[in-house]
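Q: Sequence plus the predicted model coming up.
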Amino acid sequence: MGIPTEPIGSIPRPASLLDGIQQAASGRISADALEALYVYAVEDTIAGFEATGSPVITDGEQRKPSFATYPVDGLATLAPDGVVIPFADGHSRRLPRLTAGPFRYQTYAVSYLLEAQRFATRPVKQAVISASALSLLYPQQGIDGYPRDAFIADLVDEAETDIRRCLEAGAHAVQIDFTEARLSLKLDPSGGLLRSFVDLNNTVLDRFTPAERARIGVHTCPGGDHDSTHSADVDYAALLPLLLDLHAGAFYLQLASEKSPRTVLEAVAATLRPGQRVFVGVIDPLDPAVETPEVVRDRVLEAAGILPLDRLGTTDDCGFSPFADDVSTARATAFEKIAARVRGTELAAQELGSS
């Protein structure tokens, strides 16, 4: 059977696409010309993914403005002054703020999936943003005529639709990006905020059957943007018990960049619920050095010594470019790292007799 290996998702966009986005914003190229650049980027990314030997691929999130805000891009009822997310190197990202209801997605992730499937010859997974991340769009002071309870009801409906359409369209798996999980413990060490996030996401997950939830996974990491993080200083041990309360079939855990991966693996082993599979991060996208297959193999073997082999998979710690303007990692480097993950996972499987 081997050891399953999957990407997290994003790949740096081609320079031609990034330049085209800027030109389109200033009216220097047409919408049709920009569309052609997007199509090229998706097709080229899928070709690059398949060349790595990856058994599961993505579209590299080439069309997403960011992994977090793609559903609301173009929504008229947004203001720019929402929640600020600070990163360790001093830069920050700012979410928009909702100004009126009802809350409706402008883009569902299935549109990315369907395009990718046109070009792909291998199974395609699709990442979606968590309901908990989008809940941060609602302002603390509330919105006149649109109470928070009404917003949450709309949000849960939209998040369910986002996942369900991807499952129905044949996604290999749907990955919920939950990078705010670790950050929530930095903002509220008591765990109350994280508990509320988990409960909200479970409200969405509980709308799916057990068979459907087996194809739904959750990704968590300490953020990854311009080679910096927002919550790497938060101990995984405080996160895992609540994280694994999520009613999902798979968990994609950042691990390669951890100072003590064995400690994290032992905490996972002590917390893992029946039926859950853990994809451990064996590639660090924030490290410019490309891991060798042998380094990946050794990371997999360490994990296999602690976690049940039949519930183990491998992945990358996080996406290589979750925000469209992040070019801190070269596009070629991202594919080289993915190829190392694939080959290193195969080497580990051979050594473990599970290839």
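A: Good, I have the coordinates. In this text, all values refer to a predicted model and were calculated from it rather than measured experimentally. Residues are numbered from 1 along each chain as shown.
Q: and the residue nearest the centre of the chain, how far is that from Leu134?
A: Compute the mean C-alpha point of the chain, and by C-alpha atoms, centre = their mean the closest residue is Asp177, 3.9 Å away. Distance of Asp177 to Leu134, computed by C-beta to C-beta, to the nearest Å: 11 Å. In this view, the C-beta of every residue, glycine as well, is placed from N, C-alpha and C.
Q: Touching both of the two, which residues are there?
A: Listed contacts common to Asp177 and Leu134 are Ala68; contacts here mean C-beta atoms under 8 Å, 6 or more residues apart in numbering.
Q: what's the neighbour count on Leu136?
A: 18 (other C-beta atoms under 10 Å).
Q: what do you get for Phe335?
A: 21.
Q: cool, Ile85 as well?
A: Count around Ile85 with other C-beta under 10 Å applied: 19.
Q: Quick check: it is in a helix.
A: No - under DSSP: H, G, I helix; E, B strand; the rest coil, Ile85 sits outside any helix and is assigned strand.
Q: State the pLDDT value of it.
A: In this model, Ile85 is scored at 86, pLDDT.
Q: wait, doesn't it sit right on Thr69?
A: No - with contacts defined as C-beta atoms under 8 Å, Ile85 does not count as touching Thr69, sitting 11.7 Å away.
Q: how about low-confidence regions in the stretch 101-250 of the chain?
A: Judged against pLDDT under 70, the stretch 101-250 of the chain has no low-scoring part.
Q: and Glu266, what does it touch?
A: Ile306.
Q: Then the one 3 residues further on?
A: Going by C-beta under 8 Å, 6+ apart, Ala269 touches Ile306, Leu307.
Q: burial count for the residue nearest to Phe67 when sequence neighbours are not counted?
A: Sequence neighbours aside, Pro322 is the residue nearest to Phe67 in space, at 4.2 Å (criterion: C-beta to C-beta, 6 or more residues apart in numbering). By the criterion of other C-beta under 10 Å, Pro322 has 24 neighbours.
Q: What does the residue nearest to Ser196 when sequence neighbours are not counted show for phi and psi?
A: The shortest distance from Ser196 to any non-neighbouring residue, by C-beta to C-beta, 6+ apart, is to Ser132 (7.9 Å). In terms of degrees, to the nearest 10, the main-chain angles of Ser132 are phi -60, psi -40.
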